[in-house]
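In: Need coordinates for the following:
(one chain, ligands or ions: 1)
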Amino acid sequence: MQASAPAVVLKEGRERSVLQGHPWVFSGAIDRVLGEPAPGTTISVADAGGGWLAHAAWSPVSQIRARIWSRDPTLRIDAAFFRGRIQHAAGLRAPLFDDAHTGARLVHGEADGLPGIIVDRYGSVAVVQLLSAGADHWRTAIVDAIATLPGIECVYERSDADVRALEGLPERVGVVAGSMPSDVSLREDGLDYRVDPVGGQKTGFYLDQRDNRRQVRAIAGGRRVLNAFCYSGGFTLAALAGGATHVVSIDSSGEALAMGAQNLARNPALPVAANKWIEADVFAHLRQLRNEAASFDLIVLDPPKFAPTAAHAEGAARAYKDINLLALKLLVPGGLLATFSCSGGVNAELFQKIVAGAAVDAGTGAQIVRRLGPSPDHPVALNFPEGDYLKGMLLRKN
Ligand code: SAH
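Out: Numbers count the residues shown, from 1 in each chain. Below you'll find the predicted structure:
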């Protein structure tokens, strides 16, 4: 390590997580900072004895003070580094694309060795989110690398997630390479969805639920389905394609439901009349359905993130319990519940406990038929459990 290079020196013993491959260095692990690194620039991480550990990006505002780019001392963190990692990550997703599948997440942050960087592909459009000071610092190199990936004609930046504020970064959205086609769309398992990277949620679509939509499609045949928190109708179209007799799709966002209706119309083979869109608060509407003694054979519960961090876990637990309890009451005996949590602050074990409590209060039991997780374009790094945000269970009510 050059004495003059900007560096953070860790406290005694705090090198362990770095050596185990964890990509984050928290403020509490840092003993001192050498030099005056600018936000997002590359620093060296050193152990208490001054031994070099890693190249990292400096995030002076965030509690996650440094995010590790590499533990290879011979590597330079430069535009070629980003081009290499992005091309590698995109290459890993190549098998997910064919005539019936035109979208996938190309870069999934820490899991792809690119902390703070998300890239979702919808046809020829790539939507990028830069969520950390380091990612923001290398913006030009990252955008250039994405723009030169095969098949990409437009790069749109959607750096408006709340976590940017924790990094002291302003929102930034807009086309950054090429020009946006008038119709951005995605084929998934042969179904055609419109995607709105500008006004839609996240980057426009919940690609992480691809395998679970396929799962729902496989079991929907002949069933009356309730799709709660339906957004633009991902699970709705999947259920109809799988032969559901009837679907009720609920979301509180009128814009999401309008997109859902458009999506249904784009797929003329699906029975439009078999679905009912309902603009409502799911908590209130499930109660109303229960009071009306409605019943369903298959329910999908895919709520938004109730607990971004563990600090919100208690309130989130109440919310998860409430909707799962109501859903279990609305299911016929033997009915299926696909229930999800995308809260980083609620792990799989806690989620199972919450749903088990809901079943007890609903006066029923249930079996876990299958555990559900994100599709393989959203991998989790083995040594980064924080990345394991989406968990779900397919339950059969007793
Ligand atoms: N299942 C969807 C993604 C769901 S995202 C898919 O596969 O595409 C969560 C959705 O919940 C968002 O569309 C949001 O508008 C909606 N939402 C958030 N709070 C809600 C509430 N209290 N009642 C109804 N919908 C809500």
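In: Please point out which parts of stretch 181-192 sit buried.
Out: 184-188, 191 (16 or more other Cβ atoms under 10 Å). (Glycine included, C-beta is placed from N, CA and C.)
In: Format those residues as JSON lines; extra columns: secondary structure and pLDDT.
Out: Formatted as JSON lines, these follow (DSSP: H, G, I helix; E, B strand; the rest coil; pLDDT from 0 to 100):
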{"residue": "Val184", "secondary structure": "coil", "pLDDT": "98"}
{"residue": "Ser185", "secondary structure": "strand", "pLDDT": "97"}
{"residue": "Leu186", "secondary structure": "strand", "pLDDT": "97"}
{"residue": "Arg187", "secondary structure": "strand", "pLDDT": "98"}
{"residue": "Glu188", "secondary structure": "strand", "pLDDT": "98"}
{"residue": "Leu191", "secondary structure": "strand", "pLDDT": "98"}
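In: Check which helix or strand Leu325 maps to.
Out: Assigned by DSSP states H and E, Leu325 falls within helix 313-330.
In: ok now stretch 120-134, how far from the chain's centre?
Out: Offset of stretch 120-134 from its chain centre (Cα atoms, centre = their mean, to the nearest Å): 12 Å.
In: before we move on, the earlier item: hmm, the helix holding Leu325 in reach of the ligand?
Out: No - between helix 313-330 and the ligand, judged by Cβ under 6 Å from any ligand atom, nothing touches; the nearest distance is 8.7 Å.
In: Off-centre distance for that helix?
Out: 21 Å.
In: in terms of contact, does Asp78 touch Ile142 like I think?
Out: No - under the criterion of Cβ atoms under 8 Å, Asp78 makes no contact with Ile142, lying 11.9 Å away.
In: Run through this structure and note the low-pLDDT ranges.
Out: Where the chain drops to pLDDT under 70, the residues are 1-4.
In: again, only this time at 90
Out: Filtered on pLDDT under 90, the chain yields the residue ranges 1-5, 307-311, 313.
In: any chance you could map the helices in it?
Out: 16-19, 79-92, 133-137, 139-147, 163-166, 210-219, 234-241, 254-265, 282-291, 313-330, 348-361 (DSSP state H).
In: chain center to the second one: distance?
Out: Same thing as helix 79-92. 20 Å.
In: Now do it: which elements does it pack against?
Out: strand 103-108, strand 117-122, helix 139-147 (3 or more Cβ pairs under 8 Å, 6 or more residues apart in numbering; DSSP states H and E).
In: Asp281: neighbour count?
Out: Applying other Cβ atoms under 10 Å, we find 12 residues neighbouring Asp281.
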